[in-house]
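> turn this into a model:
(one chain, ligands or ions: 1)
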Amino acid sequence: MADRYLSFTGTAPGRFLTRRLGLPQPAPLRRDALDGGLLHLTAGKSDLGLAPVLARTGLAADENGRPAAVVLDATGVRDVDALAEVHAALHPVVRSVTTGGRVVVLGTPPEAADHHQAAAQQALEGFTRSLGKEIGRGRTVNLVRVTGADAVAAESTLRFLLSPASAFVSGQVIEVGTAAGEATDAAADGGITAPDDWELPLAGRTALVTGAARGIGAAVAETLAGQGAQVVVLDVPQAEDEARRAAERLGGTALALDITAADAGERIAAAVPGGLDVLVHNAGITRDRRLVNMDADRWSSVLDVNLAGVLRTTDALLAAGAVNRGGRIVATASIAGLAGNAGQTNYGASKAGVVGLVRSLAPRALAGHGVTVNAVAPGFIETRMTAAVPLLIREAGRRMSSLAQGGLPVDVARTIAWLAHPASGAVNGQVVRVCGQSLLGA
Ligand SMILES: NC(=O)c1ccc[n+]([C@@H]2O[C@H](COP(=O)([O-])OP(=O)(O)OC[C@H]3O[C@@H](n4cnc5c(N)ncnc54)[C@H](O)[C@@H]3O)[C@@H](O)[C@H]2O)c1
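The predicted structure follows:
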């Protein structure tokens, strides 16, 4: 369903009218290329060694005072006084960041510090989220917390956040650890396996995406295949033809399987004899009703597909050793699981459960199997599912975010691809919203 309001506000009369009426002014997002260079700023005394990592991103240094990407290294902010340097660094440049540009603030985990440093580092979160809400023009603002002086561990994350791939990710706080437990057989640094080719990082890897016959899952399969992965397109037997066509297009294979089957994990393992490098739990359903009207079937079908199926297959695959070392598991939550949503007690419960699963399993899966476990939490994404939502609720879903528009399946897919990246071994246990900084539960 086309977003006519977004098209209208892109015209001169549309811009004039919506400004006069004080209506949201969404800017078309830059999903192809950023329009300008990189500006590297520092607040406090940093030991991060960020410059070589930023140089490798290939972004040219900003030369005309119109940066498309601004990185503020605030890892050296150790007290409230030093926050003045954050203001001093960004205040003069924020207006000149190009439309669809990126601001990334780097900090450290507040828990690890004394209470003065913790206060200053936590302040960066409120700062980042507030700037995201006011910056406008399709620009995004995110905070990356790094552990130790290890900019290399954050390289894949910085590349993602400073690229068009993160167009719909804003107002997020992402923690990057040190990837202890990761297999480090190839070119490795701090447990991070850097790919030979940043354009085809998944070459030689096998990725399985559940619910991939259509919608977001189809976009995920396409994106992962585009990055070199051999994809397995899994969907229910009723969608087998669609799944097979999608797999053929991508040079992959289809697997007709209901993820709630008791032996789903075993059947997946049998279908990928070489093991999986990337497992994306994307299959999901909604059966909306308010709790007073919700029968037990609506409740259990949603819990079964969205949560129990994910738990069962993950357990079975890990137990069978069918997820290779250095592997990536990415599950799909939802902002409804973080904020709650009327009419979705079943769905909200299932997606919150996914968050619980990810946070608990992540450290153990990394230590025991060398596998990371993360989640994406999409907000309003333009799919068949959201096209069926009544007009007014659909409009509210689209506009009630900092970017004032819905995301596209490719936005979720590219976020999953970053988490699935061989160099993302230090990103673990994270729940990253792909929601344009939706006001729901933010
Ligand atoms: N569209 C959004 O705005 C949005 C927002 C937040 C979260 N999500 C989540 O993203 C995921 C994909 O959503 P979508 O909008 O593309 O949905 P969709 O309905 O278009 O696609 C879901 C796919 O999953 C498959 N599927 C359903 N049950 C299955 C089962 N038991 N076994 C195997 N496959 C099964 C379906 O056949 C379908 O192909 C879901 O987990 C959904 O909850 C979507």
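> so Ala377 touches Ile335, yeah?
Yes. At 5.4 Å, Ala377 counts as touching Ile335 under the criterion of CB atoms under 8 Å. From N, CA and C alone the C-beta is placed, and that goes for glycine too.
> Three-state assignment for Ala43, please.
Secondary structure assignment for Ala43 (DSSP: H, G, I helix; E, B strand; the rest coil): strand.
> burial count for the nearest residue to Arg30 once chain neighbours are set aside?
Nearest non-adjacent residue to Arg30, counting by CB to CB, 6 or more residues apart in numbering: Gly100, 3.1 Å away. Here the number of neighbours of Gly100 (other CB atoms under 10 Å) works out to 23.
> mind checking pLDDT for Gly100?
pLDDT, Gly100: 96.
> ok, now which ones touch it?
By CB atoms under 8 Å, 6 or more residues apart in numbering, Gly100 lies in contact with Ala27, Pro28, Leu29, Arg30, Leu34, Asp35, Ala68, Arg137, Gly138, Arg139, Pro164, Ala167.
> so for Arg249, what's the pLDDT?
98.
> next one: the one 3 residues further on
Note on Gly252: pLDDT of 98.
> need the phi and psi values for it.
phi -110, psi -160 (degrees, to the nearest 10).
> and for the one 4 residues further on?
Note on Ala256: backbone dihedrals following degrees, to the nearest 10 are phi -80, psi 110.
> before we move on, what about the one 5 residues further on?
Dihedral angles phi and psi of Ala261 (degrees, to the nearest 10) take the values phi -60, psi 140.
> any idea how many residues pack against it?
The number of residues near Ala261, taken as other CB under 10 Å, comes to 14.
> re earlier: hang on, the residue nearest to Arg30 in a strand?
No. Using three-state DSSP, the assignment for Gly100 is coil, not a strand.
> phi, psi for it please.
Residue torsions, per degrees, to the nearest 10, at Gly100 are phi 70, psi 20.
> and it, how close does it get to the ligand?
Computed as CB to the nearest ligand atom, to the nearest Å, the Gly100 to the ligand distance reads 22 Å.
> repeat for Gly107
Distance from Gly107 to the ligand, by CB to the nearest ligand atom: 28 Å.
> what residues does this structure put near the ligand?
Proximity of the chain to the ligand (CB under 6 Å from any ligand atom) is limited to residues 210-211, 213-217, 235-236, 239, 258-260, 282-285, 305, 332, 334, 378, 380-381, 383-386.
> what is the neighbour count of His206?
In this structure residue 206 is Thr, not His. Neighbours of Thr206 (other CB under 10 Å): 23.
> ok, the spatially closest residue to it that is not a sequence neighbour - contacts?
Spatial nearest neighbour of Thr206, chain neighbours left out: Gln230 (4.9 Å); criterion: CB to CB, 6+ apart. By CB under 8 Å, 6+ apart, the contact set of Gln230 is Arg205, Thr206, Ala207, Gly251, Gly252.
> go on, Arg137?
Ala27, Thr99, Gly100, Gly101.
> out of these, flag the one nearest to the ligand.
Ala27 (20.5 Å; CB to the nearest ligand atom).
> so the closest one touches Thr99, yeah?
Yes. Counting by CB under 8 Å, Ala27 does reach Thr99; the two are 5.7 Å apart.
> any regions of the stretch 151-300 of the chain where pLDDT drops low?
Filtered on pLDDT under 70, the stretch 151-300 of the chain yields the residue ranges 179-193.
> could you redo the last one with a cut-off of 50?
Within the stretch 151-300 of the chain, the segments meeting pLDDT under 50 span 181-191.
> and the strands in it?
173-176, 188-189, 192-193, 206-210, 230-235, 253-256, 276-281 (DSSP state E, counting those that start in this stretch).
> which stretch among these comes nearest Gly425?
Gly425 lies closest to strand 192-193 among those, at 5.1 Å (CB to CB).
> for Ala203, which residues are in contact?
Ala203 touches Pro195, Asp196, Asp197, Gln227, Gly228, Ala229, counting by CB under 8 Å, 6+ apart.
> and of the residues you listed, the nearest to the ligand?
The shortest approach to the ligand among the contacts of Ala203 belongs to Ala229, at 18.6 Å (CB to the nearest ligand atom).
> how near is the residue nearest to Gly251 when sequence neighbours are not counted to Thr75?
Residue nearest to Gly251 in three dimensions, not counting chain neighbours: Ala225, with 6.7 Å by CB to CB, 6+ apart. Ala225 sits 36 Å away from Thr75, going by CB to CB, to the nearest Å.
> ok, the two, which is more surrounded?
Shown here are Ala225 and Thr75; by other CB under 10 Å, Thr75 has more neighbours (26 against 21).
> so the more buried one, which state does it fall into?
strand.
> and for Ala27 and Thr99, which residues touch both?
Arg137, Gly138.
> most neighbours out of the contacts of Gln230, which is it?
Neighbour counts for these (other CB under 10 Å) peak at Ala207, which has 31 neighbours.
> which ones are touching that residue?
Ala207 touches 221, 224-225, 229-232, 276-280, 420, counting by CB under 8 Å, 6+ apart.
> run the last query once more with 10 Å
220-221, 223-225, 227-233, 252, 272, 276-280, 327-328, 330, 416-417, 420 (CB atoms under 10 Å, 6 or more residues apart in numbering).
> out of Ala377 and Ile335, which sits in the busier spot?
Ala377 (27 against 24).
> list the buried residues in stretch 133-147.
Neighbour-count burial for stretch 133-147, counted by 16 or more other CB atoms under 10 Å, picks out Lys133, Ile135, Gly138, Arg139, Thr140, Val141, Asn142, Leu143, Val144, Arg145, Val146, Thr147.
> what's the neighbour count on the closest residue in space to the fourth one that isn't next to it in sequence?
What that stands for is Arg139. The shortest distance from Arg139 to any non-neighbouring residue, by CB to CB, 6+ apart, is to Gly101 (4.8 Å). If you count neighbours by other CB under 10 Å, Gly101 ends up with 25.
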